[in-house]
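K.L.:
take this sequence and fold it.
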Amino acid sequence: MSKDFDQFYQEYQERIYRLCLGFCGNPEQAMDLCQEVFIKVWQNLPQFKGQSSLGTWAYRIAVNTCLRDLEKGKRMQQVPLSDLIDGRTGPAEKEQEISLLYRAIASLDEADRLLIGLVLEDLPYAEMSAILNISEGNLRVRIHRVKQKLSEKLKRHGQL
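P.N.:
Reported below is the predicted structural model:
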């Protein structure tokens, strides 16, 4: 079982980390949340019923862990996007764009951050709808709306 868990961890660690980063916007806090998720997965593995894939179950634990963290008031302070753009430095333009995207995502509300995090992980719609417990049709509408919000935020700051 330990060997299987190690393999599962290797496969999903980076994905869960990125999901957590999308929620909190802080790399250190995202790593803490990611570790907490895998501790919960390990502790609750005997209760896993197999009604979904192990990955879907772990994503659900990650979402719940991030939401609880936000409820506890550990939320990253909201900073206006204009302040973030003016403060960008560094030689790699692509890295700057990715950083700006994650900050734009962090400025979304909790539900939208969760949704776009799952989209960025390129999960199948069926799996995303299972994680969020909504229909695929509703999922598609929500994804479209979140993408529009992000696009508007980035356009306002000359990024698209």
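
K.L.:
show me the contacts for residue 68.
P.N.:
Under the criterion of C-beta atoms under 8 Å, 6 or more residues apart in numbering, the contact list for residue 68 is empty. C-beta here means a position set from N, CA and C on the backbone, and glycine is covered the same way.

K.L.:
quick one: low-confidence ranges for the chain?
P.N.:
The model of the chain has pLDDT under 70 over residues 1, 73-95, 157-160.

K.L.:
one more time with 90
P.N.:
1-6, 18-30, 45-56, 60, 63-64, 66-137, 139-140, 143, 146-160 (pLDDT under 90).

K.L.:
can you pull out the helices in it?
P.N.:
In the chain, the segments counted as helices under DSSP state H are 2-24, 27-44, 54-71, 81-86, 93-106, 110-120, 125-132, 136-156.

K.L.:
got the angle for the third one vs helix 110-120?
P.N.:
If I follow you right, that is helix 54-71. 150 degrees (axes from the mean of the first three to the mean of the last three C-alpha atoms, to 10 degrees).

K.L.:
please identify the buried residues of helix 54-71?
P.N.:
54, 55, 56, 57, 58, 59, 61, 62, 63, 65, 66, 69 (16 or more other C-beta atoms under 10 Å).

K.L.:
need those residues in TSV with distance to residue 111, can you?
P.N.:
Shown next, in TSV, are those (distance: C-beta to C-beta, whole Å):
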residue	distance to residue 111
54	24
55	21
56	18
57	20
58	20
59	15
61	17
62	15
63	10
65	16
66	11
69	15
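
K.L.:
for the residue lying closest to residue 143 once chain neighbours are set aside, what are its contacts?
P.N.:
With sequence-adjacent residues excluded and distances taken as C-beta to C-beta, 6 or more residues apart in numbering, residue 143 is closest to residue 119, at 5.8 Å. Contacts here follow C-beta under 8 Å, 6+ apart; on that basis residue 119 touches 128, 143, 146, 147.

K.L.:
got a quick PyMOL command for the buried subset of these?
P.N.:
To isolate the buried members of the contacts of residue 119 in PyMOL, using 16+ other C-beta under 10 Å:
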select buried, resi 128+143+146
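
K.L.:
which of the contacts of residue 119 sits closest to residue 111?
P.N.:
For the contacts of residue 119, the minimum distance to residue 111 (C-beta to C-beta) is 8.7 Å, reached by residue 146.

K.L.:
tell me, how many residues neighbour the closest residue to the closest one other than its chain neighbours?
P.N.:
Nearest residue to residue 146 in three dimensions, chain neighbours excluded: residue 112, at 4.7 Å (C-beta to C-beta, 6+ apart). Other residues within reach of residue 112, judged by other C-beta atoms under 10 Å, total 19.

K.L.:
no more questions from me, cheers.
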